[in-house]
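>>> Got a sequence here, can you build the structure:
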Amino acid sequence: MSWLQKLKTRWKVDNLLQVVLILVVFACTGFTVLFIKRPLFNYWFGEGSMPVWASTIYYILILPVYNLLLLLYGFIFGQFTFFWDFEKRFLARIMAIFTKKK
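Residues are numbered from 1 along each chain as shown. Model (predicted):
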C-alpha cells in the first residue's frame, strides 16, 4: 500500500485527488505562515534583529492564524469540509488538555 493510499484510509477521503489537494492545502498554509513573518517583523522592528519577546508572541499568535489559513485554503481548494472537521477535532484535543482533571 502506498503512502498516499495510507493517507486516504487514515483521513477517510474518497479518492487520491482529495489526498493530493489536502497536502497542497497544508503546503500552502505552511508557506504562507513562513512568508508573512519577515515582512511583519521588518515593518514593526526595521531591518535590525528581532527581540526574543516578539518571536515568542509571534509563535503563540500564529497558531490561530494558521488554523484560519487552513480553513481559507481548504475553501479555495474545495476541501473545506475536511478541514472544518480537522479543526473541530484539533480544538477538542486542545480543550481536553486544558480541562483534564488531576
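>>> Now do the helices in this structure.
In the chain, the segments counted as helices under DSSP state H are 3-11, 16-45, 52-76, 80-99.
>>> Would you mind putting those into CSV with mean neighbour count alongside?
Every residue, glycine included, has its C-beta placed from N, CA and C. Below are those laid out as CSV (neighbours: other CB atoms under 10 Å):
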stretch, mean neighbour count
helix 3-11, 12
helix 16-45, 14
helix 52-76, 14
helix 80-99, 12
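>>> Serialize those to CSV and add fields for mean pLDDT.
CSV is the format used below for these (pLDDT from 0 to 100):
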stretch, mean pLDDT
helix 3-11, 94
helix 16-45, 92
helix 52-76, 92
helix 80-99, 92
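>>> Now the residue positioned nearest the centre of the chain. Nearest residue, chain neighbours left out?
With distances taken as CA atoms, centre = their mean, the residue of the chain nearest its centroid is Tyr66 (4.3 Å). In this structure, Tyr66 finds its nearest non-sequential neighbour in Val33, 5.5 Å apart by CB to CB, 6 or more residues apart in numbering.
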